[in-house]
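K.L.:
Quick one: sequence plus predicted model below, questions after.
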Amino acid sequence: MTEFTLHTADNAPAAAKPLLANSIATFGMVPNLHAVMAEAPILLEGYQVLHELFQKTSFNAEETTVVWQAINVEHNCHYCVPAHSGIAAAMKIDQDIVDALVNRTPLANPKLEALRETTLAMTRERGVISDEQIEKFFAAGYGRQQLLEIIVGLSQKVMSNYTNHLANTPVDEAFKKFAK
């Protein structure tokens, strides 16, 4: 298996150093995902930009968590599932929502469940989803804007999930307690 370096501010490529400083400013540490991505500074920059943009969508904290975790779980990301469980805890997301997402069980809230189902359909079918699925999403109270905003979250998660698969990124100490 290919070994990837967990870069630090000292050994990262020059273009990645300000990006790692941004990680520290945002998270209080350099998450191992970012340390791996620093090998390709443009990947880390793209990931950070998409992360910031996804947080500016019309989704609230619960909905953001649903999109992120539905994708992480579907992609079987050993790193992002516990990381986003930890992030959800910090965001004060109801643990029942997090547990349902991680355990692949329906969410009690019908609107959030419609979001989860649509996100999974988008992920599994590469954006080619049925009119019936779209109508169910709209009937739950979402619109075209939110349907398109899922793509921003999906793009971000492809970057992180695929990086973690390639690098077998070690789960940060802060997130280990959320691993199942």
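P.N.:
Yep, that arrived. Given the structure is predicted, the values throughout are model-derived calculations rather than measurements.
K.L.:
max-length helix in the protein?
P.N.:
As assigned by DSSP state H, the longest helix anywhere in the chain is helix 144-167.
K.L.:
how about the helices in this structure?
P.N.:
Using DSSP H, helices in the chain cover 17-27, 32-37, 41-54, 61-74, 80-90, 95-102, 110-124, 131-139, 144-167, 173-176.
K.L.:
still on that earlier bit, could I get the buried residue list for the longest helix of the chain?
P.N.:
146-147, 149-150, 152-154, 156-157, 159-161, 163-164, 167 (16 or more other CB atoms under 10 Å). All C-beta spots, glycine's among them, are computed from the backbone N, C-alpha and C.
K.L.:
Likewise for stretch 76-83?
P.N.:
Applying 16+ other CB under 10 Å to stretch 76-83 flags 77, 78, 79, 80, 81, 82, 83 as buried.
K.L.:
Can you tell me which of the residues you listed is closest to residue 107?
P.N.:
Sorting these by how near they are to residue 107, with CB to CB, puts residue 81 at the top with 16.2 Å.
K.L.:
residues touching the closest one, list them.
P.N.:
Neighbouring residues of residue 81 by CB atoms under 8 Å, 6 or more residues apart in numbering: 69, 72, 73, 102, 178, 179, 180.
K.L.:
what's the third one in contact with, if anything?
P.N.:
What it means is residue 73. 81, 101, 102, 104.
K.L.:
do the same with the last one
P.N.:
For residue 180, the contacting residues are 81, 82, 102, taking CB under 8 Å, 6+ apart as the criterion.
K.L.:
Any figure for the gap between it and residue 64?
P.N.:
21 Å (CB to CB, to the nearest Å).
K.L.:
same question, the fifth one
P.N.:
Note on residue 178: its distance to residue 64, by CB to CB, is 17 Å.
K.L.:
helices or strands next to the longest helix of the chain in the packing?
P.N.:
For helix 144-167, the packing partners by 3 or more CB pairs under 8 Å, 6 or more residues apart in numbering; DSSP states H and E come out as helix 32-37, helix 41-54, helix 61-74, helix 80-90, helix 110-124, helix 131-139.
K.L.:
Tell me what angle the third one forms with helix 41-54.
P.N.:
Calculated by axes from the mean of the first three to the mean of the last three CA atoms, to 10 degrees, helix 61-74 forms an angle of 140 degrees with helix 41-54.
K.L.:
Report the buried residues of helix 61-74.
P.N.:
62-74.
K.L.:
Let's have those in CSV, adding distance to residue 36.
P.N.:
What follows is the buried residues of helix 61-74, written out as CSV (distance: CB to CB, whole Å):
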residue, distance to residue 36
62, 29
63, 28
64, 23
65, 23
66, 26
67, 23
68, 18
69, 21
70, 23
71, 19
72, 16
73, 21
74, 21
